[in-house]
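Peer 1: Using only what follows, build the 3D model:
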Amino acid sequence: MSNAQSQLNKKEQVADERKADVWARFCARFRTEVGDAVYFSWFKCLELDRIDNGIAYLSVPTKFLRSWIHAHYLEKLRSAFLLEFPAVDDIDLSLRPAGRLALGGAEKSPKIESQVVSSTSKPFPQANSHHAAAWKPQIDGFEGSILDRRFNFSTFMVGPSNQLAFAAAQQVVGVNVGSSAMFNPLYVYSNVGLGKTHLIQGICHAAVECGRRVIYLTAEKFMYGFVAALKSQNSLVFKEKLRSIDLLVIDDVQFLQGKTIQHEFCHTLNALIDSGRQVVIAGDRVPSELDNLDERVRSRFAGGLCVEIQPLDETLRTRILEARIENARSTQPGFEVSRAVIALVAHSIDTNGRDLDGAVNRLLAHTILAGSPLTVEAAEAAVRDLIKVKEPKRVKIEDIQKLVATHFNVSRADILSSRRTANVVRPRQIAMYLSKAMTLRSLPEIGRRFGGRDHTTVLHAVRKIEEMVSKDASLSQELEMLKRLLND
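Peer 2: Numbers count the residues shown, from 1 in each chain. Predicted coordinates:
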């Protein structure tokens, strides 16, 4: 090698070292700016590949990270980068080919890299595959339930009703394998058709893209797998495979039946959580109301983060309708829906997303089959069967206890306690009476919710208040007012 070539190589090496030093300083400062949680979730794998003609070329290892940073942090990243590299005019964020060496990088995570290499989860099918819309993650021959590729974060509509659940789902995906998870287990609950299955399947897709070993199971699939393993005397293998994954996602947990199965499920939860693996659960009600589940399972759920997806507001329903109509238009170009019709449907159908899907199907059928313009009157007739008469609000015992406690100027803890003073006994009896009158809970269940009391105590309270109401018109009016407040 000539002396000139050697000098040139040395200069390039020094330049690269200086660039790497500046990049390391940028990473440290950016980590301080956004905080450890955000940095380690989204920027730990960010690398500086090169700087060329005033453009800094950055890269990340997965499509999910690239799209997420583009959507939520690109401007913040660009502003912070230009402060540290004033000679750079812009940045370019791309997907890093596997195995390519970069100029310098943010702090590496050996655990994440090893998971990318060793994960045996099936990759996403090709778009032209016969089963492109659905696939099943497999780990060491253990097959999960079917995942719908359309149920991902990018297609999940976010609004006030589900914003917290969506943020928690993103946080779950960003946590490194083996590190202490902030929300574990994550328990998501809602009524039917509000998007909890979409959200937890989105977690699965994003986690697979990050190289994590993921299994998604419905409660039915978990029960079937465990019973089949017992019959074939392979239950130990079933347990070991299930506990070797990075992320376990269980849907429709309210359908989990059987003492033995629930005990094994609880042991699996404990094993995964204690070893730093993430667990995500979806159900149709708050854990304390899953009466068919073992107390230890409910307690484990309640010990994590429980988030509710609430009913869709009208703005979010409008956005969902617009997206569904746009999808339908891709196959039926002549399908046109006016703003007035969209507004009518979004206002009238306030139940769930599935009913909105049904409404779009009915509007599409009217357009194709009737061949006439889709007027507001025609649209109203087409979706009439989906416009349900409002049912009374589902009242919870906890809501009754809180309202009664506030109304009588005592605490909820007083109502649940064993205190027998007059200013506590009467509100407690009224709360028990309202619980019996306004919920479908049995007397033993109501007693359990009131500090573990016997069902005979609840029956005595109900009869006592009924007797007083028959004699005291003012008390009757007071109870009617409380019922109206609970139903509002």
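
Peer 1: burial measure for Met432, as a count.
Peer 2: A total of 29 residues lie near Met432 under the criterion other CB atoms under 10 Å. Where C-beta positions appear, they are placed from N, C-alpha and C, glycine not excepted.

Peer 1: give me every residue that touches it.
Peer 2: For Met432, the set of contacting residues under the criterion of CB atoms under 8 Å, 6 or more residues apart in numbering consists of 446, 450, 457-458, 461-462, 465.

Peer 1: Just the buried ones out of the residues you listed, please.
Peer 2: Judged by neighbour count, with 16 or more other CB atoms under 10 Å as the criterion, the buried members of the contacts of Met432 are 446, 450, 457-458, 461-462, 465.

Peer 1: Domain ranges for this structure, per the record?
Peer 2: Domain assignment for the chain by automatic domain parsing gives 3-108, 134-308, 314-386, 397-487.

Peer 1: show me where pLDDT drops low in this structure?
Peer 2: Judged by pLDDT under 70, the chain has its weakly predicted residues at 1-19, 36-38, 40-41, 64, 97-143, 175-181, 234-235, 388-393.

Peer 1: which residues of it fall in strands?
Peer 2: With DSSP state E applied, the chain shows strands at 47-52, 55-60, 90-95, 104-105, 134-135, 138-139, 142-143, 147-148, 186-189, 214-218, 247-251, 278-283, 305-308, listed in chain order.

Peer 1: Of all these, which one comes closest to Leu74?
Peer 2: Using CB to CB as the criterion, the shortest distance between Leu74 and the strands of the chain is 7.0 Å, found for strand 90-95.

Peer 1: List the strands paired with the closest one, with their directions.
Peer 2: According to DSSP bridges, strand 90-95 forms sheet pairs with strand 55-60 (parallel).

Peer 1: count of neighbours near Thr331?
Peer 2: Around Thr331 sit 8 other residues, with neighbours defined as other CB under 10 Å.

Peer 1: do the same with the one 5 residues further on
Peer 2: By the criterion of other CB under 10 Å, Glu336 has 12 neighbours.

Peer 1: got a list of what it touches?
Peer 2: Applying CB under 8 Å, 6+ apart to Glu336 gives the contacts 329, 367, 374.

Peer 1: excluding its backbone neighbours, what's nearest the last one?
Peer 2: When you say that, I think you mean Leu374. Among residues not flanking Leu374 along the chain, Thr367 sits closest, at 5.6 Å (CB to CB, 6 or more residues apart in numbering).

Peer 1: okay, the domains of the chain, which one's buried deepest?
Peer 2: Using mean count of other CB atoms under 10 Å, the stretch among the domains of the chain with the greatest mean number of neighbours is domain 134-308 (a mean of 19).

Peer 1: Which of the contacts of Met432 fall within helices?
Peer 2: 446, 457-458, 461-462, 465 (DSSP state H).

Peer 1: For the nearest residue to Arg329 once chain neighbours are set aside, give me phi and psi.
Peer 2: Counting by CB to CB, 6+ apart, Arg329 lies nearest to Phe335, which is 5.0 Å off, once chain neighbours are set aside. Phe335 adopts backbone torsions of phi -80, psi 100, taken as degrees, to the nearest 10.

Peer 1: can you pull the contacts of Phe335?
Peer 2: With contact set as CB under 8 Å, 6+ apart, Phe335 has these partners: 325, 328-329, 363-364, 367.

Peer 1: Which of these fall within helices?
Peer 2: Among the contacts of Phe335, the members falling in helices (DSSP H) are 325, 328-329, 363-364.

Peer 1: Looking at those residues, which two lie furthest apart in space?
Peer 2: Put simply, by CB to CB the two of the ones in helices among the contacts of Phe335 set farthest apart are Arg329 and Leu363, 11.4 Å from each other.

Peer 1: ok, now which ones touch the residue lying closest to Ile400 once chain neighbours are set aside?
Peer 2: Excluding its sequence neighbours, the residue lying closest to Ile400 (CB to CB, 6+ apart) is Leu434, at 4.9 Å. Applying CB under 8 Å, 6+ apart, we find Leu434 in contact with 400, 404, 479, 482-483, 486.

Peer 1: from those residues, which is closest to Phe151?
Peer 2: Comparing the contacts of Leu434 against Phe151 with CB to CB places Leu486 closest, at 35.0 Å.

Peer 1: quick one, what contacts the nearest residue to that closest one once chain neighbours are set aside?
Peer 2: Closest residue in space to Leu486, ignoring its immediate chain neighbours: Val395 at 5.0 Å, by CB to CB, 6+ apart. Residues in contact with Val395, defined by CB under 8 Å, 6+ apart, are 438-439, 486-487.

Peer 1: The same query, at a cut-off of 7 Å, please.
Peer 2: Val395 makes contact with 438-439, 486 under the criterion CB atoms under 7 Å, 6 or more residues apart in numbering.

Peer 1: That one and Thr439, how far apart?
Peer 2: Note on Val395: its distance to Thr439, by CB to CB, to the nearest Å, is 6 Å.

Peer 1: Ile397 is in contact with Arg441, correct?
Peer 2: Yes - in terms of CB atoms under 7 Å, Arg441 counts as a neighbour of Ile397; the distance is 6.4 Å.

Peer 1: Now for these two: what residues contact both?
Peer 2: Joint contacts of Arg441 and Ile397 (CB under 7 Å, 6+ apart) are Ser435.

Peer 1: chain center to stretch 76-87, what's the gap?
Peer 2: In terms of CA atoms, centre = their mean, to the nearest Å, the gap separating the centre of stretch 76-87 from the centre of its chain is 33 Å.

Peer 1: ok so, going back, would you format the strands of the chain as TSV with distance to Val341 included?
Peer 2: Formatted as TSV, the entries for these read as follows, by distance: least, CB to CB, whole Å:
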stretch	distance to Val341
strand 47-52	49
strand 55-60	42
strand 90-95	40
strand 104-105	52
strand 134-135	32
strand 138-139	44
strand 142-143	43
strand 147-148	28
strand 186-189	32
strand 214-218	36
strand 247-251	34
strand 278-283	33
strand 305-308	31
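
Peer 1: surely Ala340 meets Val376?
Peer 2: Yes - in this structure, Ala340 is within contact of Val376 by CB under 7 Å, at 5.3 Å.

Peer 1: Please list all residues in contact with Phe30.
Peer 2: Contacts for Phe30 were tallied using CB under 7 Å, 6+ apart; they are 39, 43, 80.

Peer 1: For Ser67, see how far away the nearest residue to the first one once chain neighbours are set aside is.
Peer 2: Right, Tyr39. The shortest distance from Tyr39 to any residue other than its chain neighbours is 4.2 Å, reached at Arg31 (CB to CB, 6+ apart). The spacing between Arg31 and Ser67, counted by CB to CB, is 22 Å.

Peer 1: Same question for Met468.
Peer 2: Relative to Ser67, Met468 is positioned 63 Å away (criterion: CB to CB).

Peer 1: likewise Ile446?
Peer 2: Relative to Ser67, Ile446 is positioned 49 Å away (criterion: CB to CB).

Peer 1: same check, this time on Asp294
Peer 2: In this structure, Asp294 lies at 40 Å from Ser67, with CB to CB as the measure.

Peer 1: ranges for the helices of the stretch 301-450 of the chain?
Peer 2: Along the stretch 301-450 of the chain, counting by DSSP state H, counting those that start in this stretch, helices occupy 314-331, 339-348, 353-365, 376-382, 397-407, 412-416, 422-438, 443-449.

Peer 1: Right, I'll leave it there.
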